[in-house]
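K.L.:
no sequence on this one, just coordinates:
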């Protein structure tokens with residue numbers, strides 16, 4: 001079973017909060033709460049995988 005809407009909303013909220021965080025420790029905590037060890041990041045110009 002895939003992620004629920006509420007779970008997806010939480011992930012999106014954390015992702016956006018991480019981009020907007022001005023405190024490095026807060027940003028690291030938000031990133032840690034959002035990603036998994038197997039996560040990859042893909043956008044139109046970049047792809048990133050572990051290690052971060």
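P.N.:
Arrived safely, thanks for sending. Nothing here was measured: the structure is a model prediction, and the numbers come from that model.
K.L.:
switch to C-alpha atoms for all contacts and neighbour counts from now on
P.N.:
Will do.
K.L.:
buried residues in stretch 35-52?
P.N.:
Across stretch 35-52, burial judged by 16 or more other CA atoms under 10 Å covers no residue at all.
K.L.:
show me where the protein has its helices.
P.N.:
Taking DSSP state H as the test, the helices found in the chain are 5-20, 24-34.
K.L.:
give me the buried positions along the first one.
P.N.:
Taking 16+ other CA under 10 Å as the basis for neighbour counts, the residues of helix 5-20 that come out buried are 11, 14, 15, 18.
K.L.:
and residue 23, how many neighbours?
P.N.:
9 (other CA atoms under 10 Å).
K.L.:
for residue 30, same thing?
P.N.:
Neighbours of residue 30 using other CA under 10 Å come to 20.
K.L.:
show me the shaky parts of this protein.
P.N.:
1-5, 50-52 (pLDDT under 70).
K.L.:
the residue lying closest to residue 17 once chain neighbours are set aside: what's it in contact with?
P.N.:
In space, and not counting its chain neighbours, residue 17 is closest to residue 30: 7.2 Å by CA to CA, 6 or more residues apart in numbering. The neighbours of residue 30, taking CA atoms under 8 Å, 6 or more residues apart in numbering as the test, are 14, 15, 17, 18.
K.L.:
the first one and residue 31 touch, don't they?
P.N.:
Just to be clear, that refers to residue 14. Yes: the pair residue 14 / residue 31 is scored as a contact, 7.5 Å apart, by CA atoms under 8 Å.
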